[in-house]
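Got a predicted model here, sequence first, then my questions.
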Amino acid sequence: MSLNKQFTAGLNAQLDQLKADKVYKTLNYLDSPQGPWVEMEGRGRVLILSSNNYVGLADEPSVIQAGIDGLKKWGAGTASVRFICGTYTVHRELEAALAKFVGCESSLSFVAAWNAN
């Protein structure tokens with residue numbers, strides 16, 4: 001057996017074991033806005049207990065409208081990280097408001113938690 005075939009066979013064996021152990025991860029496809037209940041492809045209506053939508057803003061009409069308004073005004077983003085292509089003035093305003101609210105000198109906003117880390 002060639003090295004490539006051995007490697008592939010080893011990977012396939014590991015994948016088979018993950019499936020047998022019921023820890024193999026697959027993507028779930030949503031066919032509705034994120035909320036407590038969603039329509040999930042192949043499963044129907046499903047209660048979601050694992051999202052970060054703690055206060056229910058993901059499908060809040062006023063938040064959706066604010067997103068639409070922001071897209072119309074600012075477009076779909078700077079097309080790169082903020083220190084390369086720039087930071088929107090609205091981000092600076094948000095960060096100033098957050099710093100004032102928290103009572104500190106300044107703040108930074110990030111698009112996702114992993115960016116902050």
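Noted; the coordinates are in hand. Numbers count the residues shown, from 1 in each chain.

where exactly do the helices run in the chain?
If DSSP state H is used as the criterion, the helices of the chain fall at 3-20, 61-74, 82-85, 89-102, 113-116.

comparing the ones you listed, which gets the lowest mean pLDDT score?
In terms of average pLDDT, helix 113-116 trails the rest of the helices of the chain, at a mean of 65.

Count the neighbours of residue 92 for me.
For residue 92, the count of nearby residues is 11 (other CB atoms under 10 Å). Every C-beta, even on glycine, is put in place using the N, C-alpha and C of the backbone.

Contact partners for it?
Not one residue lies near residue 92 by CB atoms under 8 Å, 6 or more residues apart in numbering.

how close does the residue nearest to residue 47 when sequence neighbours are not counted get to residue 44?
Using CB to CB, 6 or more residues apart in numbering and skipping the chain neighbours, the partner closest in space to residue 47 is residue 37 (5.8 Å). Using CB to CB, to the nearest Å, we find residue 37 at a distance of 10 Å from residue 44.

For residue 70, give me its contacts.
Under the criterion of CB under 8 Å, 6+ apart, the contact partners of residue 70 comprise residue 90.

Walk me through the domains of the protein.
1-76, 78-117 (automatic domain parsing).
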